[in-house]
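Novice: This is a predicted model, with the sequence first.
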Amino acid sequence: MSFSLILSILSLGIVVCLGVSFAIYKQNRHLLKSIQLHEEKWMDLSVKFNTLKEDIHEVRSGSFGISKRVKELSEEVIALQSAHQLLSEQDPQSRFYNKAAKLITDGASLSDIIQECEMPTAEAELLFNLHKK
């Protein structure tokens, strides 16, 4: 083989190697840009995730406080209902009125109310008209 042929083959090999190296360089550069873009998106998503996590924590804390307050109010309502029941049971006159109102809502007649609650006709009629649906 002649020296010029060897030199030509080596030159061709070097050109091919340079071409392949340039193609690999371009591909690596493209991959590097893609990686940087994904890192930026990852950081953005990470910030959004942390913000949402804080928001969820605030909502959870707020709902805990609200449920605690609702429980307190529910207990107050029960206590007030008990106190109201006791007061209405202590007043003998209101006991008859409460009994009459219950009988009326259960469908009792005017004469039944007068008889059961031992009240005057005028009072029974008034209650009957007030509580009748």
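Specialist: Everything's here; your move.
Novice: Report the distance from the helix or strand bottoming out on mean pLDDT in the chain to the chain centre.
Specialist: Confidence across the helices and strands of the chain bottoms out at helix 92-105, with a mean of 79, counting by mean pLDDT, DSSP states H and E. Relative to its chain's centre, helix 92-105 lies at 44 Å (C-alpha atoms, centre = their mean, to the nearest Å).
Novice: And for stretch 19-29?
Specialist: 53 Å.
Novice: Give the other helices and strands that the longest helix seen in the chain contacts.
Specialist: Longest helix in the chain, counting residues (DSSP state H): helix 3-90. With contacts defined as 3 or more C-beta pairs under 8 Å, 6 or more residues apart in numbering; DSSP states H and E, the packing partners of helix 3-90 are helix 92-105. (C-beta placed from N, C-alpha, C; glycine too.)
Novice: How is the chain divided into domains?
Specialist: 45-90, 92-133 (automatic domain parsing).
Novice: With respect to those domains, which exhibits the lowest mean confidence?
Specialist: Set side by side, the domains of the chain give their lowest mean pLDDT on domain 92-133, at a mean of 83.
Novice: next one: that domain to chain centre, how far?
Specialist: 47 Å.
Novice: same thing with stretch 55-72?
Specialist: The chain centroid and the centroid of stretch 55-72 are separated by 10 Å under C-alpha atoms, centre = their mean.
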